[in-house]
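K.L.:
Sharing a model that was predicted from the sequence below.
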Amino acid sequence: MLNEIQKLFLGDAPGWYKSIIIGFLIMNPILYILLNSIGLNGNFIIGWIFLIQFIFTLALALNCYPLQPGGLLAIEAIAMGLTSTKSVFHEIENNLEVILLLVFMVAGIYFMKNLMLTIFTRLLLNVKSKMLLSFLFCFSAAILSAFLDALTVTAVLIGVTIGFYRIYHSVASGNSFTDDDHDYHNNSSINSVNLSELESFKGFLRDLVMHGAVGTALGGVCTIVGEPQNLLIATIAGWEFVEFFLRMAPITMPVFVAGLITCLLIEKFSIAGFGNQIPPNIRDVFNDYAIYRKENITDADKAELLIEMLVAIFLVIALALHLAAVGLIGLTVIILLTAFKGITEEHKLGEAFHEALPFTALLAVFFAIVSVIHDQHLFSPVINYVLAQDPSSQPSLFFIANGFLSAISDNVFVATIYINEVKNAYDSNVITLEQFNNLAIAINTGTNIPSVATPNGQAAFLFLLTSSLAPLINLSYFRMVYMALPYTIVLSIVGYISINIFL
């Protein structure tokens, strides 16, 4: 019986991975008791250990989805008293908008996949230059993220990329374009030549989706709606949409330009795994697909595309005017698309939620770890050190500290802690209004720009890592870190220099 339980534990994860997770779970309480018994701050130290262990589960997401091992660590942290269920619920409550966004907006994008695939297929076929195509993915993702939000744009990127992969995989397996039941996770029916092309195509898709993901960060930092913490910072600082954009512009605009230049250079010189070209045979497949769609499109297909286009226009307007919380707009999109496209069966509705719900559950576990960070004051030494420095050097130090802490934890959480500490300092007359404004700018840019270094630094990156797309195109945690590295270095340096010049 014990052997069977051992086999069932974490399913198909490698044996060494299972052993490490079990080791973590056994070691933590023992280490906690030993540290406290010798007079050290066991809560603080073990809190950092839990954070590192959780990042380990994210880093090896392709070996085992992080929800289960990360969830076991979170449950153990609560059992050991490092946080409480009340604190975890409070963190989830504070991030309810993000959770609703994931549940409903991602599902809404699923029902818009025909329109998205049509648009991006034409883009893929009409733009022959890989450099220009990469630039357009990065630029368009940035512009959309500035006026919509990064997670929504990432959901679009994931949906489009899976659509591209599905089309070629179906053809390479000897099936038709329209085989909706095709299992695109199974390569057994693909010959060796097509498998080689498929690997090249995976590299090509990795490049595009990573350029797009970085684009969401470039645009997301610029406006109130781009990232969740932007609205929080703007609310506390009392800035409206235009004022927020103008105050951030001296830092965000040089970073934006530097990001686009970096995109072109790493494609041109094939840096950090970029520069993969689409095989000619695969381009021919998409040409054939476009011709097939044009020749076989029915009135019903045209009606569906028209409905999707009208709802897409509504989506952009609703998000731009903030008619409701993003998640509620996503729910509206689901209702409109399914009602007018005649999708009323429960199981067809359920398919749309397959992508979002596992990540939503993982995000709830992530908030449990964030609750440990909060309750054990893991970041307090860094915060106190920065606030104790000379006011003239504080903006640049805030940028560095926020970037580092965001990369290892979560940018929304870090921004929340820092902006509240700075607001308290201003209310207590420790700093002036001008210094408060400068620090608010440094906090926003610091949590948004250097955090592209790791998938856990930004929710959009983490969503991409844990999506069904990542294993299809071999996009692991370490590969994401490696591919983002040129962007991380350039954007962080440009951001730091801009802050020193303008603040």
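P.N.:
Happy to help now that I have it. Numbers count the residues shown, from 1 in each chain.
K.L.:
neighbours of Leu323, just the number please.
P.N.:
Other residues within reach of Leu323 by the criterion other CB atoms under 10 Å amount to 12. Where C-beta positions appear, they are placed from N, C-alpha and C, glycine not excepted.
K.L.:
The residue lying closest to it once chain neighbours are set aside is in what secondary structure piece?
P.N.:
Closest residue to Leu323 in three dimensions, ignoring its sequence neighbours and counting by CB to CB, 6 or more residues apart in numbering: Ile329, at 6.7 Å. Secondary structure assignment for Ile329, by DSSP states H and E: helix 326-341.
K.L.:
is it true that the residue nearest to Leu323 touches Leu319?
P.N.:
Yes: in this structure Ile329 lies within contact range of Leu319 using CB atoms under 8 Å: 6.2 Å.
K.L.:
dump the residue contacts of Val316.
P.N.:
Contact partners of Val316, counting by CB atoms under 8 Å, 6 or more residues apart in numbering, are 147-148.
K.L.:
Quick check: the gap between it and His211.
P.N.:
Distance of Val316 to His211, computed by CB to CB, to the nearest Å: 22 Å.
K.L.:
Repeat that for Phe120.
P.N.:
According to CB to CB, Phe120 and His211 sit 13 Å apart.
K.L.:
between these two, who's got more neighbours?
P.N.:
Remark: of Phe120 and His211, His211 carries more neighbours, 27 against 20, as counted by other CB under 10 Å.
K.L.:
Quick check: closest non-adjacent residue to the more buried one.
P.N.:
Counting by CB to CB, 6+ apart, the nearest residue to His211 once its immediate chain neighbours are dropped is Cys138, at 4.3 Å.
K.L.:
For the stretch 151-300 of the chain, which segments count as helices?
P.N.:
Taking DSSP state H, counting those that start in this stretch as the criterion, the stretch 151-300 of the chain carries its helices at 192-220, 228-237, 241-268, 280-296, 299-320.
K.L.:
so which of those helices comes closest to Ile78?
P.N.:
When the helices of the stretch 151-300 of the chain are compared for distance to Ile78 using CB to CB, the nearest one is helix 228-237, at 24.3 Å.
K.L.:
Counting neighbours, what do you get for the closest residue to Asn186 other than its chain neighbours?
P.N.:
Spatial nearest neighbour of Asn186, chain neighbours left out: Ser173 (8.0 Å); criterion: CB to CB, 6+ apart. Burial of Ser173 is recorded as 18 neighbouring residues (other CB under 10 Å).
K.L.:
just checking, Ser173 touches Ser189?
P.N.:
Yes: using CB under 8 Å, Ser173 is in contact with Ser189, at 4.5 Å.
K.L.:
Tell me how many other residues surround the nearest residue in space to Asn281 that is not next to it in sequence.
P.N.:
Beyond its immediate neighbours in the sequence, the residue positioned closest to Asn281 (CB to CB, 6+ apart) is Glu197, lying 5.9 Å away. By the other CB under 10 Å criterion, the neighbourhood of Glu197 contains 20 residues.
K.L.:
ok, now Phe340?
P.N.:
Here the neighbour count serves as a burial measure; for Phe340 (other CB under 10 Å) it reads 15.
K.L.:
Against Ala300, how distant is the residue lying closest to it once chain neighbours are set aside?
P.N.:
In space, and not counting its chain neighbours, Phe340 is closest to Ile307: 4.8 Å by CB to CB, 6+ apart. Separation of Ile307 from Ala300 (CB to CB) stands at 11 Å.
K.L.:
Between these two, point out the one with more neighbours.
P.N.:
Here Ile307 and Ala300 are compared on neighbour count by other CB under 10 Å; more neighbours surround Ile307, at 20 against 10.
K.L.:
residues contacting the more buried one?
P.N.:
Residues near Ile307 by CB under 8 Å, 6+ apart: 336-337, 340-341.
K.L.:
if you set the cut-off to 7 Å instead, what comes out?
P.N.:
Contact criterion CB atoms under 7 Å, 6 or more residues apart in numbering gives 337, 340-341 as the residues in contact with Ile307.
K.L.:
from what I can see the residue nearest to Leu323 touches Leu321, true?
P.N.:
No: the pair Ile329 / Leu321 is not scored as a contact, 10.1 Å apart, by CB atoms under 7 Å.
K.L.:
Which pLDDT does the model give Ala361?
P.N.:
Confidence per residue is given as pLDDT, and for Ala361 that number is 89.
K.L.:
Likewise for Arg247?
P.N.:
95.
K.L.:
now do Gly81
P.N.:
At Gly81, the predicted lDDT confidence score is 91.
K.L.:
Repeat that for Thr223.
P.N.:
The predicted structure scores Thr223 at 87 on the pLDDT scale.
K.L.:
The residue nearest to it when sequence neighbours are not counted: which element?
P.N.:
The shortest distance from Thr223 to any non-neighbouring residue, by CB to CB, 6+ apart, is to Ala146 (4.8 Å). Here Ala146 sits within helix 130-147, counting by DSSP H and E.
K.L.:
buried residues in that helix?
P.N.:
Neighbour counts over helix 130-147 (16 or more other CB atoms under 10 Å) mark 130-131, 133-147 as buried.
K.L.:
so that helix versus helix 241-268, what angle?
P.N.:
In this structure, helix 130-147 runs at an angle of 160 degrees to helix 241-268, with axes from the mean of the first three to the mean of the last three CA atoms, to 10 degrees as the basis.
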